[in-house]
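> Please work out how this folds:
(chains A, B and C)
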Amino acid sequence: MNKVLEKVLTKDFDVEHLYKIGVYMKKGGYKTLTKVLKKLKPEDVLKEVKAAHLRGRGGAGFPAGVKWGFVPKDVDKPKYLCVNADEGEPGTFKDRYIMSHNPHMLLEGIVITCFCVGIHTAFIYIRGEYENIAQRLELAISEAEDKGFIGKNILKTGFDLNVFVHRGAGAYICGEETALLESLEGKRGNPRLKPPFPAAIGLFQSPTVINNVETLSNIPHIMEKGAEWFVKQGLAEDGGTRIFGVSGKVKKPGIYELPVGTSLKELIYTHAGGMKSGKKLKAVIPGGMSSPILKPDEIDIPMDCESLAKADSMLGSGAVIVLDEDVSIIDVLRKITQFYSHESCGQCTPCRIGNSWINKIVTRIYKGKGKKDDLDNIEKLASNMLGRTLCPLGDAAAMPILAVVKKFRKELKAEIKG
Amino acid sequence: MSPEVTKSTQKKIKEIIARYPKKQAAILPVIHLIQREKGFISDEEEKLVAELLGIKPVKVREVVTFYSMLSQKPLGKYHIQVCSNLTCSIMGAERLIDYLSKKLGIKPGETSDDGKFTLTTVECLGACEQAPNMMVNTDYYGHLDKEKIDKILKELDE
Amino acid sequence: MVEIFINDRPIKVEEGTTVLKAAEKAGIHIPHICYHEAFPPEGSCRMCLVEIEGHLCLELACATQVQEGMKIYTETKDVIEARKGVLEFLMAEHPMDCPICDKAGQCTLQDYYEEYGLFESSFQEEKERKDKKVNIGKGLILDRERCILCTRCVRFLRDITKTNELGVFNRGVHSEIGVFDGQVIDNNYAGNLVELCPVGAITDKDFRFKTRNWFLEKGASICPLCARGCQIFIEYHPGFARFEVPKRVYRISSRVTSRDENAKEKGYWICDIGRYGYSYIDKDRTEFMAHKERDLSGDKEEAVKYINEKIKKLIYRNKLQWMGVILNTWLTNEELFLTKKVFTDDLKLKKVFFPEQAQGEKDDLLLTEDRTPNKKGTEEIGFQFDQLEEKELFEDTELLIVFWTSPFDLGTITELTPELKKIKTKILFTPFKRKWNDDFDLVIPTAVSAEKTGSYTNIDGKVQHFGPVLSPPGEAQAEWKWLISLGKELDIDFKSYVKMRSSLDVFKSMKDEIKFFRT
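As a prediction, the model looks like this:
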């Protein structure tokens, strides 16, 4: 599908000092918020966001409008918005760009969202490593407060909202929504059982919406130009553009905002400049480390949630990692198992022990002490994790491990024999 | 409040605690502030945080030992954290870790005797387009090679 | 009520019941490790996964509530594989300590491996090494290698004692249970952690390395160390054929498990005072009758005749007011009923004295201030406590009969005062050897509650019956047996005593005469 690219989220990224509210407003910023708060009702916003088919950009791809609709209306508890800025999925860096280049766009999205759902306190849970970006966000919040876009009686419409930045401290699992809530409440980042879902019982036992940074950054644009326009930018059930991140052995690693449904091949060769140093493509990880790896003959595929799911992979966070002929698969596997065994919270049996066990086997293979049964064992252990864990991290580990072992079995076998 | 943190930190802590309906929720921001000032979280700091938030010290230790960025041991003046995840690895991170290790005379996980450098390997820093990456205290450095590392270390020394 | 199907069998259960509980009602045990009825579901062991029709993945039986028409399958290929998977994971990082582990024989991993596992180990890596002897307080020792992180211990201290001494440190496979330096477990319910722990990660010094679970027999009894009357098991070693074992009782454990009908009301716990205070059963026991002048040669009838002699002498002189009796609230309902019958009804004695009984601090859970098991029973039977001054007891007393059933030296009488020593004839019924035994003319050995049939009335008015778990040592026998013999020998109301051939017969008579015991 060849669409005329209209940059939405990254449109003004090159504008100097866009993170300053003065510059942002000169570029038209906060006009949409003003229109929404003064002229529209919360139900109007919900209707529009639902019609836009905006799917979550964090990795799970759940429709944002549907999620907001789950929040109970008449409840005697305060409601919360948690902005998931934990961005821990290896290969992902798009939210870092949004928050450092255009924090006000995110804030505008946050205020409109909170107005729609009836939320008066929002926390931006940002990964601890992004400390400089957290400071930039805090500055942007205080600028917005000064101009009356955040705080008490916003734009004199009677709507109150406080936005706080809350830094994490180095735990990938805290990107999982219920672990994020536990971490925000001051505890270990252990995911919770679902049900109950956060929309009903979330932060401090109250109804909570959790959305990714990029997801919320789309809201001002949807409310400005309408749901119909947004859908046209992407696909019928998966509207808008996405900021894909490309890294690895390409000529031009970086962020690329493209319509949902853009071909992966086009993303790598047309936009990211193709293979670095003329090397041959060996494999592509299409949506962050948790997504099953693709072989060169599988990259002719549209980058949208449905298509990748049908190919037994995942769009995830849209983070593309390109591997060339110089990359050895045992290295890839070892980095995957090293990561998940390090990041497992340790609560449930299969993930805690499965990841560590598989990591031990893979490390042994890497050190040249592989055994005949190792690959079969790895497959058995990963299958015992799949669908059996308390939270999706178990699947996020098992699926890529199984894909690598299945699709590159020959090379791994050679590693063991040799 | 204990006299063990500076007055300005005490003030910030008070402000932060006021943001949350439950005091315990302020634990990460408070620990960050204290680790910034003291360099690490010993059992004395754990008791202090417990007192500030009205929880038991064992609950503070649960948090301090869970998160990778929090340290129970003193860290060097410059905490060099090199990403060893997938993209950075295929872009040469492991060689750079060896190089740094030799240059600083310490293995990953160790602190130099003069207390200047701590070297650790970390997971994905979220800057894969600039791989290989490292973070020194709060600053990111990407597109690393041996020359760049030499330059950065020299600047830190000054 | 909703109707659900478990393995295609229809059963009806109340709304809100979990799949786990519903299956139990249907007689199907779904294996589970981290789940315990006393706490909300944790969902971390993943052992209780079952198949539910219409659901993509296996679901937790402990955390899923039944819905009308739900079809649950507990023995499909996927479920069996899932259980094996969990067991394999747990055993991969579990030290094979069975030969030296106290939990062997009672261990959930052992039991489940036998029932649901039986696979060959495929783990060929280095296991995680952790501390194996961490002191976490109150004689409890934590072995971190054995710990399977079910967090039952952490949750017990969070939800039940609310003291929160334990926490989970580190992350992933390095996770471990621990305390904050110097803030070890220090509450009256710590011993429950040993029972709660499904494996041998938490053991206590009291039991460690002393014996093996499979050598012990269990008998049901009631704890007599306070007025709560918790239901307990007395675990004892029946002895070996060819050599001695150093003691009989090795452990007290809680008798209420989650499979009990009214488990939630009864509570699953016992306190440390009851759990660890069992040495009185075996220590310093009186075994033989001891008479200062005569040699009774084990003739129980002779002893009773002697007492009768002394009493009859006073009756002939018309000086029954020179006889006194000291009782206590450790006696069973039946024994108190009999003492009332013999001393108050038959002999019409006025000097019936209850010394101040053992008291201690109570807590918010089980332990009562009253550290005797049957004060309420004593009241219901009709005794009153505000009676004799000690002075009244000593003046003009020629015959004193003392029932000292408690192992504790508490109360106003810790040794015979000089006044009491002056009393001409003193008779003691007691299970325990004490210094003051020598001051008595006749010491009669009696049984402790672990060795007799009887009942106690606890602080809430609940009458709890128990039977003998152990045999009394030597010539000792329950007080009620001695009292019935004495009642017959006195021949004041022979008919009533002849009817009573067992403690249960005594209780039957109690029901006839006292309304309280009819409920």
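> Please name the nearest non-neighbouring residue to residue 150.
As the question left the chain open, I've gone with chain A. Among residues not flanking residue A:150 along the chain, residue A:144 sits closest, at 4.4 Å (CB to CB, 6 or more residues apart in numbering or on different chains). C-beta here means a position set from N, CA and C on the backbone, and glycine is covered the same way.
> that's the other chain; I wanted chain C
Spatial nearest neighbour of residue C:150, chain neighbours left out: residue C:34 (4.0 Å); criterion: CB to CB, 6+ apart.
> residues in contact with that neighbour?
When contacts are counted by CB atoms under 8 Å, 6 or more residues apart in numbering or on different chains, residue C:34 touches C:42-45, C:47, C:150-152.
> at 10 Å instead, please
A:347-349, C:41-48, C:62, C:148-152, C:155, C:198 (CB atoms under 10 Å, 6 or more residues apart in numbering or on different chains).
> go on, residue A:344?
A:172-173, A:350-356, A:359, A:389, A:391, A:393-394, A:397, C:171-175.
> can you check residue C:195 too?
C:106, C:152, C:156, C:202, C:204, C:251, C:253-254, C:257, C:268-270, C:275.
> now do 6 Å
The neighbours of residue C:195, taking CB atoms under 6 Å, 6 or more residues apart in numbering or on different chains as the test, are residue C:253.
> Can you mark which positions in stretch A:319-326 are buried?
A:319-324 (16 or more other CB atoms under 10 Å in any protein chain shown).
> how about residue A:96, what does it touch?
residue B:126.
> Look up how far chain A lies from the most centrally placed residue in chain B.
What sits nearest the mean C-alpha location of chain B, by CA atoms, centre = their mean, is residue B:69, with 4.7 Å. Residue B:69 is 4 Å from chain A, where distance means CB to the nearest CB, to the nearest Å.
> Contact partners for the nearest residue to that residue once chain neighbours are set aside?
Nearest non-adjacent residue to residue B:69, counting by CB to CB, 6+ apart: residue A:170, 3.6 Å away. By CB under 6 Å, 6+ apart, residue A:170 lies in contact with A:128, B:67-69.
> what about residue B:84, distance to residue A:192?
30 Å (CB to CB, to the nearest Å).
> got the buried residues of stretch A:319-326 as JSON lines, with pLDDT, distance to residue C:471 and secondary structure columns?
As requested, those are exported to JSON lines (pLDDT from 0 to 100; distance: CB to CB, whole Å; DSSP: H, G, I helix; E, B strand; the rest coil):
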{"residue": "A:319", "pLDDT": "97", "distance to residue C:471": "75", "secondary structure": "strand"}
{"residue": "A:320", "pLDDT": "98", "distance to residue C:471": "79", "secondary structure": "strand"}
{"residue": "A:321", "pLDDT": "98", "distance to residue C:471": "76", "secondary structure": "strand"}
{"residue": "A:322", "pLDDT": "98", "distance to residue C:471": "81", "secondary structure": "strand"}
{"residue": "A:323", "pLDDT": "98", "distance to residue C:471": "77", "secondary structure": "strand"}
{"residue": "A:324", "pLDDT": "97", "distance to residue C:471": "83", "secondary structure": "strand"}
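> Give the helix, strand or coil label for the residue nearest to residue A:150.
State at residue A:144, reduced to three classes by DSSP: H, G, I helix; E, B strand; the rest coil: helix.
> give me every residue that touches residue C:32.
C:47-48, C:62.
> what's the burial count for residue A:270?
Number of residues near residue A:270 (other CB atoms under 10 Å in any protein chain shown) recorded here: 13.
> Surely it forms part of a strand?
No - with three-state DSSP as the criterion, residue A:270 is assigned helix and is not in a strand.
> Show me what from the stretch 301-418 of chain A comes close to chain B.
The stretch 301-418 of chain A has residues A:321, A:327, A:335, A:339 near chain B, with proximity defined as CB under 6 Å from any CB of the partner chain.
> who wins for neighbours among those?
Highest count within these by other CB under 10 Å belongs to residue A:321, 31 neighbours.
> what's near enough to touch the nearest residue to that residue once chain neighbours are set aside?
Using CB to CB, 6+ apart and skipping the chain neighbours, the partner closest in space to residue A:321 is residue A:285 (4.2 Å). With contacts defined as CB under 6 Å, 6+ apart, residue A:285 is in contact with A:291, A:293, A:321.
> Name the residues that touch stretch B:34-50?
Counting by CB under 6 Å, 6+ apart, residues outside stretch B:34-50 touching it are B:2, B:5, B:9, B:30, B:56-57, B:60-61, B:64, B:71-75, C:181.
> buried subset of the residues you listed?
When the contacts of stretch B:34-50 are checked for burial by 16+ other CB under 10 Å, the buried set is B:5, B:9, B:30, B:56-57, B:60-61, B:64, B:71, B:75.
> quick one, what contacts residue B:115?
residue B:76.
> quick one: the residue in chain B sticking out farthest from the centre from chain C, how far?
Ranked by distance from the centre of chain B (CA atoms, centre = their mean), the top residue is residue B:21, with 27.6 Å. Applying CB to the nearest CB, the value for residue B:21 to chain C is 21 Å.
> what pLDDT does the spatially closest residue to that residue that is not a sequence neighbour get?
In space, and not counting its chain neighbours, residue B:21 is closest to residue A:204: 5.6 Å by CB to CB, 6+ apart. Residue A:204 is assigned 97 on the pLDDT scale.
> and what of residue A:263?
With respect to pLDDT, residue A:263 has a value of 96.
> And residue C:407, by the same measure?
88.
> Confirm it sits in a strand?
No - under three-state DSSP, residue C:407 falls outside any strand and is assigned coil.
> Surely it touches residue C:278?
No - using CB atoms under 6 Å, residue C:407 is not in contact with residue C:278, being 10.0 Å away.
> what residues are up against the closest residue to residue C:127 other than its chain neighbours?
Leaving aside its sequence neighbours, residue C:127 sits nearest to residue C:93 (CB to CB, 6+ apart; 5.7 Å). By CB under 6 Å, 6+ apart, residue C:93 lies in contact with A:353, C:127-128.
> I'd like to know which of these are buried.
By 16+ other CB under 10 Å, those give A:353, C:128 as buried.
> Around chain B, which positions in the stretch 51-200 of chain C sit nearby?
C:164, C:167-171, C:180-181.
> Flag the shaky bits of the stretch 51-200 of chain A, pLDDT-wise.
The stretch 51-200 of chain A contains no residues with pLDDT under 70.
> from it, which residue is nearest to chain C?
Closest residue of the stretch 51-200 of chain A to chain C, CB to the nearest CB: residue A:193 (4.6 Å).
> What strand or helix carries the closest residue in space to residue B:97 that isn't next to it in sequence?
Distances taken as CB to CB, 6+ apart put residue B:82 closest to residue B:97, at 5.2 Å, once the chain neighbours are dropped. Per DSSP states H and E: residue B:82 is located in strand B:78-83.
> can you list contacts of the helix or strand just after that strand?
Using DSSP H and E, the next helix or strand after strand B:78-83 towards the C-terminus is helix B:86-90. Contact partners of helix B:86-90, identified using CB under 6 Å, 6+ apart, comprise A:90, A:247-248, A:321, A:327, A:335, B:128, B:131-133.
> After helix B:86-90, which helix or strand is next?
helix B:93-104.
> State the mean pLDDT of that next one.
In this model, helix B:93-104 carries a mean pLDDT of 96.
> Would you mind pulling up the elements that the helix or strand following that helix packs against?
The helix or strand immediately downstream of helix B:93-104 is strand B:117-122, counting by DSSP H and E. The helices and strands touching strand B:117-122, judged by 3 or more CB pairs under 6 Å, 6 or more residues apart in numbering or on different chains; DSSP states H and E, are strand B:78-83, helix B:93-104.
> Serialize those to CSV and add fields for mean neighbour count and distance to residue A:156.
Below are those laid out as CSV (neighbours: other CB atoms under 10 Å in any protein chain shown; distance: least, CB to CB, whole Å):
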stretch, mean neighbour count, distance to residue A:156
strand B:78-83, 24, 47
helix B:93-104, 17, 53
